[in-house]
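[1] model this:
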Amino acid sequence: MSGLVPRRFDVLAHRGGEQAPVVLRWEGGEYDYTVIADGPWGQVTGRGTDSFEALLRVREQIEPAGWLLGVNGARRDTWPSGMCRGMGGFLVYRLTLNKRLSGADRVQTFHEAPRETLATIDEQIRFEQQWSATP
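    Predicted structure coming up:
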């Protein structure tokens, strides 16, 4: 899958009513990924066993300053399945409470997401836990 995913994404970061351009890049493969985010905070790097985890490591560094990355991987209602993670973490599922997942629910991790859908890592984890707990 990683061969099909562009290595650079021009997206926005949001902080309150402010927004700023960000360049996201990823490197690696085979369970060793790096995501680099160049934005108003300078350059931040995160590493993980897949690109989603590397993105989480970037978010851990910028969220304390109030920044949210405007990508699907940072939406409140998204989380990757084990299969998505095994394929590099480039896809996440949009989660809907009381609804089973289907292929139509997959979106690209690094594609832009609307500001109103974004959340902190903690909020995203809580939503995924709530979704997992529903029948």
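[2] so what's V5 up against?
    Taking C-beta atoms under 8 Å, 6 or more residues apart in numbering, we find V5 in contact with W26, G88, F90, Q108, F110. The way it works is simple: take the backbone N, C-alpha and C, and place the C-beta from them, glycine included.
[3] what's across from E18 in the sheet?
    For E18, the beta-bridge partners are R15 (DSSP bridges).
[4] buried set for the helix or strand bottoming out on mean pLDDT in the chain?
    For the chain, counting by mean pLDDT, DSSP states H and E, helix 82-86 ranks last in confidence among helices and strands (a mean of 92). Across helix 82-86, burial judged by 16 or more other C-beta atoms under 10 Å covers C84, R85.
[5] CA atoms of it as CSV?
    Presented in CSV, the C-alpha positions along helix 82-86 are these (Å, rounded to 0.1, in the frame of the first residue of the first chain):
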residue,chain,number,x,y,z
GLY,A,82,-5.5,-4.1,12.8
MET,A,83,-5.6,-4.8,9.1
CYS,A,84,-5.2,-1.1,8.2
ARG,A,85,-2.2,-0.9,10.6
GLY,A,86,-0.7,-4.0,9.1
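[6] could you say what helices and strands it packs with?
    With contacts taken as 3 or more C-beta pairs under 8 Å, 6 or more residues apart in numbering; DSSP states H and E, helix 82-86 sits against helix 51-62, strand 91-94.
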